[in-house]
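Colleague: Sharing a model that was predicted from the sequence below.
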Number of protein chains: 2
Amino acid sequence: MPRSSDRVTIHDVAQRAAVSRQTVSNVLTHPTRVRPETLERVQAAIAELGYQPSSSAQSLRSQRAGAVGVEINTLGPRSHNETMAPFLGSLAMRAAEHGSHMVPFGSPGDRPMVDGYQAMWARRLVDAFIIADTHHGDPRPAWLEENGIPFASFGRVWDDPTFTGWVDVDGAAGTGAAVAHCADLGYRAVGYLGWPSGSVVGDDRRAGWAAGCARTGVAPGPEESCDQDLDDARAAARRLLADLGPSDAVVCASDILALGLHHELLAAGREPGSEVGVVGFDGSDTALMHHLTTVEQPLDQIADRILDLLDDALAGRPRPPAGSLLQPVLLRGDSTSARSRSR
Amino acid sequence: MPRSSDRVTIHDVAQRAAVSRQTVSNVLTHPTRVRPETLERVQAAIAELGYQPSSSAQSLRSQRAGAVGVEINTLGPRSHNETMAPFLGSLAMRAAEHGSHMVPFGSPGDRPMVDGYQAMWARRLVDAFIIADTHHGDPRPAWLEENGIPFASFGRVWDDPTFTGWVDVDGAAGTGAAVAHCADLGYRAVGYLGWPSGSVVGDDRRAGWAAGCARTGVAPGPEESCDQDLDDARAAARRLLADLGPSDAVVCASDILALGLHHELLAAGREPGSEVGVVGFDGSDTALMHHLTTVEQPLDQIADRILDLLDDALAGRPRPPAGSLLQPVLLRGDSTSARSRSR
DNA sequence: GGCCTTGATTTGAACGATCAAATCGGTACA
DNA sequence: TGTACCGATTTGATCGTTCAAATCAAGGCC
């Protein structure tokens, strides 16, 4: 009899169904090995007792924690949260289907270090890691690789073209689609508000804008750059405004930048959308809240693909021949609207 | 010799230091039981091999997962993220010091159900849960209590005054401080932009405003209410504007509402701060980004206290006599500024 | 010198699951 | 009738750790 107030174990089920522990185990993991009649009886016992295998015991036996570490930079650029928080949400939801769970952990410092990873890995609290926002000189990919620790990355790992365990959003395609969208709506010239050149993500998005202009034949409008910060964005937007003709549009490298432009347009008495088009990037809550047209990152898809990559790595399957580049989706808001077709 | 490429276990350390497994274990958990000389030798071996006990093995042995479940409502009101994401960050950071980690999990539905909790608990993936945003009729606290599952709550559990395992922010004190701040700066009347009455949190914050006006002797300004949504907030703010005199201020139930008012003020050509004071609530990124004066929730403190509560519960210590009500902190932004003392 | 106490260390057992190998019962075949 | 075989089931061992009990060595005391 299962002692009440005590967890029901495989042994309790075995006794109840008058079989051995192993048969119960087989019912759950290798049902074909069990005679149909027995299967049914054991399944009934499992249901009656509400048995669920203990994850601790399974972890020890299988040498798998069933967990994946995700670093969250609380002290880093605040804007990170804008993407990382929903992404962690997507991961947590999807992970359940992959039979694992996320373990967020923080590194106190403002720049990514391997200390936190080291601590989680040494005790095997996790089987793998998911990293994001890697940049040139990021110590993490190399360290993980050297120590044979499975990991996957949201964002290309620029330092090591050999590494294919990444999933990224096709930024250039996104800004390209944004330009096409503006061209379709009839905006005259399409400008660009981006980040200072040098960041790989930023350069990619800018390239998509330039290529989009060339492809659609729309004139490239004025261009400015600033940091990922609302105040900076507003200052840059003000510089941009002078050169911005009526019925021009601006594609931005992020929703924060788009919001800065949006605010400055209103301050200058020019209505976003009907007078000047604004397209953001990221599909953040901020953009949705302000009804900005934006390029949405398919976070659910990214999470799914990343978890698949980790499953493969943990199963010892070889890495894919190349990383996954997912297509973002243009999300129409009120900051772009159809022009009267008078040109 | 520890087989390379294989995890170093307690056994490896024992061999290296020429002692038994148990002595190594004692060195880490009961150092006083070990002769100083031996202690040193074993510690050296531990350091040389870089031994860290396996968390899976410890979990099985101690019947403790060392993890705490936190539900994240991805599909719920988006504004939840505004507070919950940073809160999860604080929890994750603090948890490390408490020897545990967070496991975020999602429930697909939009209203809180116990299914997700049930699944995590059945397999003992977690030892306890942290719940937030409980409301009247919330099934979770009662269910957790019934099943003897340890938990703590961010936010009072209104349905059960007996339950003291909660930590909350003193909302009334926060809005009261906001009123005092406005009075100090010399604003004439202080209005209120809140949520429809009926929500416990909202009613609390509104009460603080009313009491604050009475206490400081400042005249209560006009009042409006709306949902936690930027569009709604702007509509309500527009209604408010008509009744809003020059040099009046408005205390808001949330940063989103404050932002709505901020935007409408600009649209009406009235400058936030110098002309009309605006105070938000939550200390969210949105508020910081827009330099709104806001009432900041001490998330780190809350996380710390909640983890303490869980430690107590897991150790079988009795619940505190009452819940913890923490004081929020007023964060000065540009949306309130000193009036010229001409009255 | 023998016996008891104390402190340090070791051995045995257990946590709950699953893999591998052993056992069991029945059927087919010579 | 005996044996080889096959599917179904059970037993033994293991993952890495820690509690409880056993062992061991040294010192104190009569």
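Modeller: Looks like it arrived, so ask away. Numbering: from 1, shown residues only, chains lettered A, B, ... in the order given.

Colleague: only C-alpha atoms for contact and neighbour calcs from this point on.
Modeller: Fine.

Colleague: Which residue comes closest to A:Val70 once chain neighbours are left out?
Modeller: Nearest-residue entry for A:Val70: A:Pro104, 4.7 Å, with adjacent residues in sequence omitted and distances by C-alpha to C-alpha, 6 or more residues apart in numbering or on different chains.

Colleague: is it true that that neighbour touches B:Ala92?
Modeller: Yes - in this structure, A:Pro104 is within contact of B:Ala92 by C-alpha atoms under 8 Å, at 6.1 Å.

Colleague: need the residues of the stretch 1-150 of chain A near chain B, please.
Modeller: Counting by C-alpha under 8 Å from any C-alpha of the partner chain, the stretch 1-150 of chain A comes close to chain B at A:51-57, A:59-60, A:63, A:65, A:72, A:74, A:78, A:81, A:85-86, A:89-90, A:92-93, A:96, A:101-108, A:122-125.

Colleague: which sections of chain A are below the confidence cut-off?
Modeller: A:1-5, A:74-80, A:108-112, A:340-343 (pLDDT under 70).

Colleague: domain parsing for it?
Modeller: As given by automatic domain parsing, the domain ranges for chain A are A:10-53, A:67-167+A:300-326, A:171-297.

Colleague: hey, which of these is tucked in deepest?
Modeller: Counting by mean count of other C-alpha atoms under 10 Å in any protein chain shown, domain A:171-297 has the highest mean neighbour count of the domains of chain A, with a mean of 22.

Colleague: Correct me if wrong: A:Leu257 contacts A:Asp229.
Modeller: Yes - A:Leu257 lies in contact with A:Asp229 (C-alpha under 8 Å); the separation is 7.2 Å.

Colleague: Find residues that contact each of A:Pro104 and B:Ala92.
Modeller: Shared contacts of A:Pro104 and B:Ala92 (C-alpha atoms under 8 Å, 6 or more residues apart in numbering or on different chains): B:His101, B:Met102.

Colleague: quick one: the longest helix seen in chain A to helix B:79-97, angle?
Modeller: Counting by DSSP state H, the longest helix found in chain A is helix A:79-97. If you take axes from the mean of the first three to the mean of the last three C-alpha atoms, to 10 degrees, helix A:79-97 sits at 80 degrees to helix B:79-97.

Colleague: what's the offset of helix A:79-97 from the middle of its chain?
Modeller: 6 Å (C-alpha atoms, centre = their mean, to the nearest Å).

Colleague: re the thing from before, so which of the residues of the stretch 1-150 of chain A next to chain B are in strands?
Modeller: Those of these mapping onto strands are A:Ile72, A:His101, A:Met102, A:Val103, A:Pro104, A:Phe105, A:Gly106, per DSSP state E.

Colleague: Between those, which sits nearest B:His11?
Modeller: Closest approach between these and B:His11, by C-alpha to C-alpha: A:Val103, at 28.1 Å.

Colleague: Let me see the contact set for that closest one.
Modeller: By C-alpha under 8 Å, 6+ apart, the contact list for A:Val103 reads A:Ala67, A:Val68, A:Gly69, A:Val70, A:Val126, B:His101, B:Met102, B:Val103, B:Pro104.

Colleague: Give the helix, strand or coil label for A:Asp159.
Modeller: Here A:Asp159 is recorded as coil under DSSP: H, G, I helix; E, B strand; the rest coil.

Colleague: no no, A:Ala44
Modeller: Quick answer, by three-state DSSP: A:Ala44 is helix.

Colleague: ok, it to DNA strand D distance?
Modeller: Using C-alpha to the nearest atom of the strand, to the nearest Å, one obtains 14 Å as the distance from A:Ala44 to DNA strand D.

Colleague: go on, A:Arg33?
Modeller: Relative to DNA strand D, and taking C-alpha to the nearest atom of the strand, A:Arg33 is found at 5 Å.

Colleague: Leaving out sequence neighbours, find the closest residue to that residue.
Modeller: Closest residue to A:Arg33 apart from its sequence neighbours, by C-alpha to C-alpha, 6+ apart: A:Asn26 at 6.8 Å.

Colleague: in what helix or strand does the one you found lie?
Modeller: Assigned by DSSP states H and E, A:Asn26 falls within helix A:21-29.

Colleague: Kindly export that helix (C-alpha atoms) in CSV.
Modeller: Extracted in CSV, the C-alpha atoms of helix A:21-29 (Å, rounded to 0.1, in the frame of the first residue of the first chain):
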residue,chain,number,x,y,z
ARG,A,21,9.2,-2.5,-11.2
GLN,A,22,10.8,-3.2,-14.6
THR,A,23,7.5,-4.1,-16.2
VAL,A,24,6.0,-0.8,-15.1
SER,A,25,9.0,1.0,-16.5
ASN,A,26,8.6,-0.9,-19.7
VAL,A,27,5.0,0.1,-20.0
LEU,A,28,6.1,3.7,-20.0
THR,A,29,9.2,3.5,-22.1
